[in-house]
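1. Give me coordinates for this.
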Amino acid sequence: MEREESLYPKDWFTIGDKEIERARNLLKLGDLEGAGFNIQQAVEKYLKGYLLSKGWVLKRIHDLDALLNEIIQFESSFEEFRTACRKMTDYYVEERYPLTAPSQLFDTEIRESLTIAESIIAKIKALTGT
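-> Numbers count the residues shown, from 1 in each chain. Predicted coordinates:
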């Protein structure tokens, strides 16, 4: 049976909440790559959920910078997260693709990204009333 992605923002936010909790737990264990990946995934789910709430047509994309470009059409204040979203997109690549150099992630960087991700999520929750 073929399954399709939900088009309901709340469903995306629910998964995003799971991802951010996973990131917190992995960070406690010292798994920086895993924590970074889950931070990226949480933000991706929330950005997509927000876009869906605006009538956006769902796209299979993991690039937070590209999703931010879409969001800025509705809410220009998200521009403040541009640099952080670019960094978080790199976490996706770091965890999912074999790279020839060792990881360059640091605990302080991942913690900072987690804080910014939580700010993005809080902003989206406020804008969508969730």
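
2. Can you name the residues in contact with the worst-scoring helix or strand of the chain on mean pLDDT?
-> Least confident helix or strand, the chain: helix 82-96 with a mean of 86, by mean pLDDT, DSSP states H and E. Outside helix 82-96, the residues within contact range by CB atoms under 8 Å, 6 or more residues apart in numbering are 33-34, 36-37, 39-41, 43-44, 62-65, 67-68, 99, 103, 105, 109, 113, 116-117, 120. (Each C-beta comes from the backbone N, C-alpha and C, glycine too.)

3. And stretch 24-36, by the same measure?
-> For stretch 24-36, the surrounding residues in contact (CB under 8 Å, 6+ apart) are 22-23, 38, 88, 91, 94-95, 103, 105-107, 110-111, 113-114.

4. Just the buried subset of these, written out for ChimeraX, thanks.
-> In ChimeraX syntax, the buried subset of the contacts of stretch 24-36 is picked out as below (16 or more other CB atoms under 10 Å):
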select :22,23,38,88,91,94,95,105,110,113,114
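
5. Show me which pair in the contacts of stretch 24-36 is furthest apart.
-> Arg22 and Phe106 (19.6 Å; CB to CB).

6. Spit out the contact partners of Leu52.
-> Shown in contact with Leu52 (CB under 8 Å, 6+ apart): Leu7, Tyr8, Pro9, Trp12, Leu58.

7. which residues does the residue sitting nearest the centre point of the chain contact?
-> Relative to the mean C-alpha position of the chain, the nearest C-alpha, by CA atoms, centre = their mean, is the one of Val43, at 1.8 Å. When contacts are counted by CB under 8 Å, 6+ apart, Val43 touches Gly16, Leu64, Cys85, Met88, Ala117, Ile120, Ile121.

8. Right, I'll call it a day here.
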